[in-house]
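Enquirer: Let's see this in three dimensions:
(chains A and B)
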Amino acid sequence: MNKLFDHLRRKKKTQPLTAPENIKTIPLNDRQIAEAFKAASVYQPAQLIHGCGQSTGKQREHNEDSLFAFSMTSGGEGTGFPVGLFIVADGMGGHQYGEVASSIATRVLAGFILKRFLPYIINPANNLDEPLQEIMRSAIDEVQRSVVQTAPGSGTTLTAALVFGQQMIIGHVGDSRAYAVYQDGRTDILTRDHSLVKRLEELGQISADEALSHPQRNVLYRAIGQGETLEADVFTAPFPQTGHLVLCSDGLWSVVSDDHIAKIIREAPTLHDACRDLVRAANDAGGPDNISVILVKSIG
Amino acid sequence: MKYRSCLEDALETQKINAPLDDNPNYNAPGSQLAPGTTLVNRYVIQDIIGVGGMGSVYRARDLHFPTVVKLVAVKEMINQAPDPLVRKTIVQNFEREANILATLNHPAIPRIYDYFSVDNRSYLVLEFIHGKDMEAIINETPGFLSEEQVLGWAIELCDVLSYLHNHKPDPIIFRDMKPSNVMVNQQGHIVLVDFGIAKPFQAGQKGTMIGTEGYSPPEQYRGEATPLADIYALGATIHHALSRRDPRLEPPFSFNERPLRKINPAVSPELEMVVNTALQYNPQDRFQSAEAMKEALIAAGRKTGLLGRIHTVTASIQPANGIKPLWTFACEDEIRGSPLYYDGSIFIGSYDYNLYCISAADGKMKWKYATEGGIVGKPAVYEGDIYIGSEDQRLHVISARSGKVNWTYYTNGRVRSSPRIAEGHVFIGSDDERLHAVNLISGRASWHFEADAPIRSTPFVANELVYFGSESGELFAVNFRGELKWHFKAKQSVTSSPWVAEGLVYFASVDGYVYALDARSGWLIWRFRMGKGSISSPCFTDGMLFVGSADGHIYAIDARTAKEIWRFKTDHQVSSSPTIYKDCLYCGSADGNLYCLEYRTGRLRWKFATKGPITGTPLVYDDIVYIGSMDHFLYALLA
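Expert: Take a look at the predicted model:
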């Protein structure tokens, strides 16, 4: 397969460049040269890079959000593909132990999934025989048990992306969000908020703008640690190859518009800068809630 | 704790003057009145009978009746507003509403005897109802409540709502209809408890929280409370009572996703209809008054009463084989394979060894080509040539126009797989346990891939890989040089042909699962359990995956979440593979029928009966369905 690619690449290179006539070229400026180099350089092996940002915000005293980011790259003979696990959890304000719940949620979920991946990391020939969606589901069930046991009465949202190659499994409960943000500014919300206002919006009872200012905008109908039965959304989606995966708590998305998020990501030089700028934008908008954000990009 | 004991003392002595309200803990739900506490020298608390968000409800004895035990219900509301002015307003509102309620006179509304406020707590003294609330009844009843019982309560609830809504000068909106607010007394009649009067006492909620009311209509969240909101909530209450599904545990406004009769088939369609009408999102689509709803309930009851308990067969839209084929074509033996359309002709192989070319317009044979074995696959076409495998072990390449053979290619086993053409090659499996890649120009093998069992699955080409299953349960992904990229092992054979879409490979196995693998790595993403194994090949449209199973069902699965969207039951195994055309799914069954279903809902549009099992895949072209049957016929039907 790789040989075939190499073959094709060589083929491309040897094609004669036909320069159109009557076109004058001017020297490129430094920035353009840098861009051109950036575009030309090939990252090997394929890897997932990420940045994170977090802030208590300006109106809360405690940070009840938790986040977790892990990415694995392996290069060399028989190399597989990068694997990453990214999680954002937003503990319930008004409940006791909100921060405990979100912290348990991220750690238990990460621990559960990484344990399943260890055999594969040690030897990529070890296929995982349990469907990834079922691993995610079992992990969320485990989180639910742990939260109910350790911090009864508390609650948390949970949005997790298990990325492998060009696919990802999303596990989601509550109103934290996963977005695919593309280079051209297009943003897709991958998750569906389990909130009252989202339902009202879906039914055409209120507009998206009204949802942002609705007095009951914080009311969830599904959360980790709450209710006897928990039905998490678990689904597969293609990883945004030409863009970014964004996971964030409502402290970001409720005050910074999707377009603005896309613009900040586009304009920041690195993922870490982008995360810092996103958090800053949320705080500039009043910072009414805790803010957490993870940005993931696939290169190579 | 200190404040709590202080409070109890104070209440008992009726000398409350300490400013307790500065401490927020004072309002904690734990601060309940202990049994034996006497309020305003008159009501002796006996027990706590309920705990709410704003205080508790107690059973108390009224000391004004010293010779008899007169029980009353005392509802306590703790004023949690920090601002004294707001607190005062809340108490004033409470008193005003209590005055209104005190004038109500209806058997389904508890009498109000008294109200008073003590410091930051207000109390309402009500008739004590001997009975149980409907929520407790629902939870304690094993199985479902009977329709008659719920119908009776629903009619009474309409009566009391009608009384409230017609109150003068202003209608009274109950606002909080739900099973826990409906008591059923010892005589089996309903009594509404917990009027919205207490609402202002509810603490303001800050931050993200869980829980919606579940019974309230959408417009109530915009602050609109009208009689029609009570109608919706009554519908929700009946739905809960008959389905046992608590709407507070479900996404809000999702009743139409839980049709009553799907959960509890014993409910009559008539009553379901009434509930559905009450639960309409748009208030104008609901019953416009409690009286109208009551009439509909009575009508439903009469109808079901007349019909007794006998289930009515749901109206079906099956035109019992009123469908006439446009034409039929008879072969000399069974048709197990699938047709192909090319250039005005239908090409189909038969177990009579022949490949037929039939005019699509009138079903007349143009030519036939005889192989030396049965044909079970689907032909492929490339540049005017028809490719088909036969149980004579060969791949035959025949001119579509003349029916003359161009060349044949020998494998060492019967060919049941169908050819797939890509990248200048035809890929085809054989019972010789190999996948053959045959060069289209030379007619010679470029390579073959050795599996360890017959390959009857038809290869799928995508991402520069060839995907196919084997009878040993493997799913292979091989590159264009015949090198194995990855493989996946199911527990039993994979006769089903894979389908690759949006980076995933889908296929079914005789082990009873539909699998979804990452197309690049072969990692298992999900599996979906069917009742039995399957050799049917899945088909993907619109994020939905369709596949048949030996359990007799055609399944529609959400390809993202692996959740079943619908299933359709036929009367025998479904080995045929579904085809989607426009908004319909076409699939045959071993019960002899070709089914046409709406692919989004699984609803039957029509079915057409042949005289033998159908195992092939239907072909739809230009609004005409072509399907072969083991009754030897090829049928052309209007789609």
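Enquirer: hey, let's count contacts and neighbours off CA atoms from now on
Expert: Fine.
Enquirer: List the residues that contact residue A:45.
Expert: When contacts are counted by CA atoms under 8 Å, 6 or more residues apart in numbering or on different chains, residue A:45 touches A:73, A:74, A:75, A:300.
Enquirer: Quick one: buried ones out of these?
Expert: With burial judged by 16 or more other CA atoms under 10 Å in any protein chain shown, the buried subset of these is A:73, A:74.
Enquirer: Looking at the contacts of residue A:45, which is nearest residue B:332?
Expert: Of all the contacts of residue A:45, residue A:300 has the smallest distance to residue B:332: 58.4 Å, by CA to CA.
Enquirer: Tell me how far the residue in the stretch 301-450 of chain B that chain A sits nearest to lies from residue B:127.
Expert: Nearest residue of the stretch 301-450 of chain B to chain A: residue B:423, at 13.5 Å (CA to the nearest CA). Distance, residue B:423 to residue B:127, by CA to CA, to the nearest Å: 84 Å.
Enquirer: Comparing the two, which residue is more hemmed in?
Expert: It is residue B:127, of residue B:423 and residue B:127, that has more neighbours when counted by other CA atoms under 10 Å in any protein chain shown, with 17 against 11.
Enquirer: contacting residues around that one?
Expert: So residue B:127 contacts B:71, B:72, B:73, B:110, B:111, B:112, B:113 (CA under 8 Å, 6+ apart).
Enquirer: For the residue nearest to the second one when sequence neighbours are not counted, report the pLDDT, please.
Expert: Once its chain neighbours are removed from consideration, residue B:72 has its nearest residue in residue B:128; the separation is 4.5 Å (CA to CA, 6 or more residues apart in numbering or on different chains). As summarised for this prediction, residue B:128 has a pLDDT of 91.
Enquirer: contacting residues around residue B:128?
Expert: By CA under 8 Å, 6+ apart, the contact set of residue B:128 is B:59, B:71, B:72, B:73, B:110.
Enquirer: now do 6 Å
Expert: B:71, B:72, B:73 (CA atoms under 6 Å, 6 or more residues apart in numbering or on different chains).
Enquirer: Going by distance to chain A, which of the contacts of residue B:127 wins?
Expert: residue B:73 (29.3 Å).
Enquirer: Walk me through the domains of chain B.
Expert: B:2-127, B:132-201+B:216-307, B:535-639 (automatic domain parsing).
Enquirer: What parts of chain A come near chain B?
Expert: For chain A, the contact set with chain B under CA under 6 Å from any CA of the partner chain comprises A:92-94, A:131-133, A:218-221, A:234-236.
Enquirer: Nearest to chain A: which residue in the stretch 351-500 of chain B?
Expert: Counting by CA to the nearest CA, the stretch 351-500 of chain B gets nearest chain A through residue B:479, at 6.7 Å.
Enquirer: Surely that residue is in contact with residue B:467?
Expert: No - applying CA atoms under 6 Å as the test, residue B:479 and residue B:467 come out as separate, 8.9 Å apart.
Enquirer: more neighbours, these two?
Expert: Set side by side, residue B:479 and residue B:467 show more neighbours around residue B:467, with 26 against 19, by other CA under 10 Å.
Enquirer: Can you list phi and psi of that one for me?
Expert: phi -110, psi 130 (degrees, to the nearest 10).
Enquirer: With residue B:98 instead?
Expert: phi -60, psi -40.
Enquirer: show me where the stretch 201-350 of chain B has helices.
Expert: Counting by DSSP state H, counting those that start in this stretch, one finds helices in the stretch 201-350 of chain B at the ranges B:227-243, B:260-263, B:269-278, B:290-307.
Enquirer: re the thing from before, drop the exposed ones from the residues of chain A next to chain B and show what's left.
Expert: Using 16+ other CA under 10 Å, the buried ones in the residues of chain A next to chain B are A:92, A:93, A:131, A:132, A:133, A:218, A:219, A:220, A:221, A:234, A:235, A:236.
Enquirer: And the third one, how close does it get to residue B:490?
Expert: Between residue A:131 and residue B:490 the computed distance is 12 Å (CA to CA).
Enquirer: For residue B:447, which residues count as its bridge partners?
Expert: Note on residue B:447: beta-bridge partners residue B:437, judged by DSSP bridges.
Enquirer: Would you list the phi and psi of residue A:292?
Expert: phi -140, psi 140.
Enquirer: and the closest residue to it other than its chain neighbours, how many neighbours?
Expert: Closest residue to residue A:292 apart from its sequence neighbours, by CA to CA, 6+ apart: residue A:54 at 4.4 Å. For residue A:54, the neighbour count with other CA under 10 Å is 23.
Enquirer: Touching whichever strand or helix holds residue A:54 from outside, list them.
Expert: Taking DSSP states H and E as the criterion, residue A:54 maps to strand A:47-55. Residues from elsewhere that reach strand A:47-55 (CA under 6 Å, 6+ apart): A:73, A:82, A:271-272, A:275-276, A:290-299.
Enquirer: do the same with stretch B:31-41
Expert: Residues outside stretch B:31-41 that contact it (CA under 6 Å, 6+ apart) are B:12, B:44, B:45, B:46, B:47.
Enquirer: so who does the residue nearest to the third one when sequence neighbours are not counted touch?
Expert: What it means is residue B:45. Spatial nearest neighbour of residue B:45, chain neighbours left out: residue B:60 (4.3 Å); criterion: CA to CA, 6+ apart. Counting by CA under 6 Å, 6+ apart, residue B:60 touches B:43, B:44, B:45, B:46, B:71, B:72.
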